[in-house]
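Asks: Got a predicted structure here, sequence first:
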Amino acid sequence: MTILVKLFGDLAKKISEQKSPKSPTNAEISAEGIKRVSDILKKFSIEESETSHIFVNGVYSGFNKKVNDGDRVGIFAGNQALLYKWYFTRVED
């Protein structure tokens, strides 16, 4: 019962002293007690303002998106902003 979390850019340092900022740092976390993306941010002490965009199972998502056992969550640092917010609607639950 795990969730795969991929932290990109400066956020990768939250869980690892990564040498290459180009590749993500992966962490498998227990799904227990994790209901939404915001719970994952709290677990890694990441402020919402530190992020630029989030994907849950490949879908552009918001902080209130529900997550479940087996999901894949990608969280990108603020300095890696893309134009998604202008062209795609974030999925919230």
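Replies: Right, received. Where do you want to start?
Asks: Only C-alpha atoms from now on, for both contacts and neighbour counts.
Replies: Fine.
Asks: what about the strands in this protein?
Replies: For the chain, the strands defined by DSSP state E occupy 2-7, 25-30, 51-56, 59-61, 72-77.
Asks: Name the surrounding residues that touch the last one.
Replies: Yep, that's strand 72-77 we're talking about. Contact partners of strand 72-77, identified using CA atoms under 8 Å, 6 or more residues apart in numbering, comprise 3-11, 37, 50-58.
Asks: can we see that at 10 Å?
Replies: With CA atoms under 10 Å, 6 or more residues apart in numbering as the test, strand 72-77 has contacts from 2-12, 24-28, 37, 40-41, 46, 48-61, 67, 82.
Asks: which of the residues in stretch 42-51 are buried?
Replies: Neighbour counts over stretch 42-51 (16 or more other CA atoms under 10 Å) mark 46, 51 as buried.
Asks: which other residues reach it?
Replies: 7-11, 14-15, 29, 34, 37-41, 63, 75-81.
Asks: Those, buried ones only, as a ChimeraX selection?
Replies: A single ChimeraX command selects the buried members of the contacts of stretch 42-51 (16+ other CA under 10 Å):
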select :7,8,9,10,11,34,37,38,39,40,41,63,75,76,77,78
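Asks: Which ones among the contacts of stretch 42-51 lie within helices?
Replies: Per DSSP state H, helices hold the following members of these: 37-41.
Asks: CSV for those, including pLDDT?
Replies: Output for those, formatted as CSV (pLDDT from 0 to 100):
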residue, pLDDT
37, 97
38, 97
39, 97
40, 96
41, 96
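Asks: from those, which is closest to residue 91?
Replies: The shortest gap between residue 91 and any of these belongs to residue 37, at 11.3 Å (CA to CA).
Asks: excluding its backbone neighbours, what's nearest that closest one?
Replies: Nearest non-adjacent residue to residue 37, counting by CA to CA, 6 or more residues apart in numbering: residue 63, 5.1 Å away.
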